[in-house]
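In: Give the three-dimensional model of this entry:
(2 chains)
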Amino acid sequence: MVNQTIAELRNVTKRFGAVTAAEGLNLAIFQGEFLSFLGPSGCGKTTALRMLAGFEQASEGDVLIDGTVVNGVPPHQRPVNMVFQQYALFPHMNVARNVAYGLNQRRPRLARADIAAKVARALDMVRLSGFTDRRIWEMSGGQQQRVALARAIVNEPKILLLDEPMAALDKKLRHDMQIELKSLQRELGITFVLVTHDQEEALSMSDRVCIMHQGRIAQIGTPEELYDQPQNRYVADFIGRSNFIAARAVGRDGERLVAEGPGGLRFVARAAEKTAGEGTVTLSLRPEEIRVAPDGAAGEGHEMRVTHRIFLGEHVEYHLRSAALDHLIAVVPRSTDIAGGTPGVGVAVRVSWRDGAALALAED
Amino acid sequence: MRPSLRTTLFLAPATAWLIAMLVLPLVVVVVFSFGERGAAGGYVPAFTFDNYFNLGARWAAFRNTLTLAPLGTVLCLLIAYPLAYFLAQKADPRWRTALLILVIVPFWTSILIRSYAWIQILGGNGLPRLIGELGFDRPRFINTPFAVMVGIVYGYLPLMVFPIYVALEKLDRRLLEASSDLGSPPWRTFLQVTLPLSLAGVATGSMLVFILLMGEFLIPQLLGGGKVFFVGNALVDLFLQSRNWPFGAAMAATLVLVMLVTVSLYLRSLRRLSGGRDDVALM
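Out: Numbers count the residues shown, from 1 in each chain, chains lettered A, B, ... in the order given. Next comes the predicted model:
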């Protein structure tokens, strides 16, 4: 991907009265990428999107679109379009007129035939060709979503903004729509900026994800980076699941940090950039990095007792406990589930992890 | 209890009321309109169209009603829409309820008393005198169509404000954002989104005002002084003074017919404007 910047937030802060919704946002959005703002409600992700759309103006800092500062420019003069959360389709217009709405606002006016052709193409792209004359209320939620998408992309915006577009769809439909949205984005080559609270949605579709926390950017990166190299505990906890273990750094082994956990447990951990070589650290250990073997099996390991065993279909989840670690979650693929019968609740097992499985996070 | 039976029971009072108070009287009026006036007034059974052929004699009443009622409705609409728009979209929500109450406050006093107040204001010792003392020619307001119109707009404005307010208040703000996002400047958003989506309120308000105005007789009586009279005033005269019931009945039946025709034409055109939405045809 050629990293040509299409939009930028420079030191952007947004206050609503005494409430700071977003603070010190610095972010470059690249041409043609699929970027998601991910976070719980109230984290500032929607505010960030609305500042790009022009519905909110930054209290401080600059918003740039296509190299131009757009502070104070109203939404109708910005080269971006939005897919709204509840679609916000015009109930008094049929599907074709909804989709044509943006084209009809152009001055000088476009030729009727051009508008009709563009509308037909957009509806074709979202697979709604036969629905031109349908009324909005005659359409299902999924179809309305497609109309909203067509209404936005027909304008060929520089950036397509999507505000939780899938929140109102059921799970199955949401999954299909995610795949469709991603392929549509590749086909069009338009930059997509999505806001969501659903991490699976963000991770599965995005080239990069911007994780927001309390109005600030917690971390920006590819889904793999966020999962493998979270920079802080918030991100490690938010993306996927993790076991957090308080430990003390005792030395270095090349790039890696050697730490001693409770009960003298030894970890050789990858270190997040800012981690110091000594002092207390928090270790993040993903449940799938933990190996569970029957008690008495060969090799090293820490002896723990099963407190819960949860069958998840492809995986089995164990909740484990020992004197040193009072709660550890391990997820084991079913195919490699412990030989000689799966240990039930109360059974002792031998737990181990490879060097570099744990990640040392800075205290924050 | 079966649901259909329960529905019937619940609707029975309203049905009985409508039959006794609307359908039967209407039938009586239509029957009377084909009758003849008795020697001492009242009704004598007959079957003649004479009453209808004579309607021309009261043409002035129809003309006044059919010009001043639509005009009053339009004036109410022109004043009420911006007010309702301000209340629903622009006013500080903390003040909204207080402002809405101010719109209804006049209803707390009888229209009779309020019309008398207007007689004082528009009468010789009121506004005309004030204007005269400022050095201008003293205008004449009372007993003119102007005075009647002032009374009408004053009296009926709240009936127009409320339905429009309700329509604008429930208008989804995201639709306005969507319009803006799609490149429409504010005034075009108003014309293409806000206005069409508030037509249901405009229709309700206009119907309320127009239908009541068609039957109005108090305001023309008091502020028009018998010079500007409506069909309502003619009916009062025919039924109570000259006791020509059949002719009054013919006039009343004609009024109902005219009303049905105008209202349905009006609703049909509104429905077309709002893109065929069914909720506009709410009356």
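In: residues touching the closest residue to residue A:33 other than its chain neighbours, list them.
Out: Leaving aside its chain neighbours, residue A:33 sits nearest to residue A:207 (4.5 Å; criterion: C-beta to C-beta, 6 or more residues apart in numbering or on different chains). (C-beta placed from N, C-alpha, C; glycine too.) Taking C-beta atoms under 8 Å, 6 or more residues apart in numbering or on different chains, we find residue A:207 in contact with A:1, A:33-35, A:222.
In: any idea which element residue 234 lies in?
Out: Picking chain A for this. helix A:233-238 (DSSP states H and E).
In: switch to chain B, that's the one I care about
Out: Taking DSSP H and E as the criterion, residue B:234 maps to helix B:231-236.
In: on contacts alone, who are the packing partners of that helix?
Out: Under the contact definition 3 or more C-beta pairs under 8 Å, 6 or more residues apart in numbering or on different chains; DSSP states H and E, helix B:231-236 sits against helix B:59-85, helix B:218-223, helix B:245-273.
In: Now do the buried residues in the longest one.
Out: Just to be clear, that refers to helix B:245-273. By neighbour count on 16 or more other C-beta atoms under 10 Å in any protein chain shown, the buried set for helix B:245-273 is B:245-255, B:259, B:262-263, B:266-267, B:270-271, B:273.
In: For chain A, see how far away residue B:78 is.
Out: According to C-beta to the nearest C-beta, to the nearest Å, residue B:78 and chain A sit 22 Å apart.
In: Could you report the neighbour count for that residue?
Out: If you count neighbours by other C-beta atoms under 10 Å in any protein chain shown, residue B:78 ends up with 11.
In: what's the spacing between the helix or strand where residue B:168 lies and its chain's center?
Out: Residue B:168 belongs to helix B:145-169 when assigned by DSSP H and E. The chain centre lies 9 Å from the centre of helix B:145-169; the measure is C-alpha atoms, centre = their mean, to the nearest Å.
In: which helices and strands sit right next to the following helix or strand past that helix?
Out: Sequence-wise, the next helix or strand downstream of helix B:145-169 (DSSP H and E) is helix B:173-181. For helix B:173-181, the packing partners by 3+ C-beta pairs under 8 Å, 6+ apart come out as strand A:80-83, helix B:186-189.
In: Would you reformat these as TSV and include mean neighbour count?
Out: As requested, those are exported to TSV (neighbours: other C-beta atoms under 10 Å in any protein chain shown):
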stretch	mean neighbour count
strand A:80-83	27
helix B:186-189	14
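In: mind putting the ones you listed in a markdown table, mean pLDDT and distance to residue A:234 included?
Out: Putting the helices and strands packed on helix B:173-181 into a markdown table (pLDDT from 0 to 100; distance: least, C-beta to C-beta, whole Å) gives the following:
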| stretch | mean pLDDT | distance to residue A:234 |
| --- | --- | --- |
| strand A:80-83 | 97 | 28 |
| helix B:186-189 | 96 | 40 |
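In: What is the nearest of the contacts of residue A:207 to residue B:95?
Out: Nearest to residue B:95 among the contacts of residue A:207, counting by C-beta to C-beta, is residue A:35 at 41.6 Å.
In: Is the closest one bridged to anything, and to what?
Out: Residue A:35 has the following beta-bridge partners by DSSP bridges: residue A:193, residue A:208.
In: per-residue confidence for it?
Out: Looking at residue A:35, its pLDDT is 97.
In: Would you agree it is in contact with residue A:211?
Out: No - in this structure, residue A:35 is not within contact of residue A:211 by C-beta atoms under 8 Å, at 11.6 Å.
In: remind me which residues of the chain are low pLDDT?
Out: Assuming you mean chain A. Along chain A, the model assigns pLDDT under 70 to residues A:1-2, A:272-278, A:297-298, A:336-341, A:363-364.
In: if you could check chain B rather than the one you did, that'd help
Out: B:1, B:274-283.
In: Kindly report the residues of it close to chain A.
Out: Residues of chain B found near chain A (C-beta under 8 Å from any C-beta of the partner chain) are B:172, B:174-175, B:177-185, B:188, B:192-193, B:196-197, B:274-277.
In: Could you export the helices and strands packed on helix B:173-181 as TSV, including distance to residue A:8?
Out: Shown next, in TSV, are the helices and strands packed on helix B:173-181 (distance: least, C-beta to C-beta, whole Å):
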stretch	distance to residue A:8
strand A:80-83	13
helix B:186-189	27
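In: Indicate which one of the ones you listed is closest to residue A:335.
Out: Evaluated over the helices and strands packed on helix B:173-181, closeness to residue A:335 peaks at strand A:80-83, with 40.4 Å, by C-beta to C-beta.
In: counting contacts, what elements does that closest one pack onto?
Out: Applying 3+ C-beta pairs under 8 Å, 6+ apart, one finds that strand A:80-83 contacts helix A:45-53, helix A:141-153, strand A:159-163, helix B:173-181.
In: Pull up the pairing partners for it, direction included.
Out: In the sheet, strand A:80-83 lines up with strand A:159-163 (parallel) (DSSP bridges).
In: so the strand it pairs with versus helix A:45-53, what angle?
Out: Interaxial angle, strand A:159-163 versus helix A:45-53 (axes from the mean of the first three to the mean of the last three C-alpha atoms, to 10 degrees): 150 degrees.
In: Any chance you could list what contacts strand A:159-163?
Out: The contact list for strand A:159-163 (C-beta under 8 Å, 6+ apart) reads A:6-7, A:29, A:46, A:49, A:52-53, A:65, A:79-85, A:152-153, A:181, A:185, A:190-195.
In: tell me the angle it makes with helix B:173-181.
Out: Between strand A:159-163 and helix B:173-181, the angle formed by their directions is 180 degrees, by the same axes, to 10 degrees.
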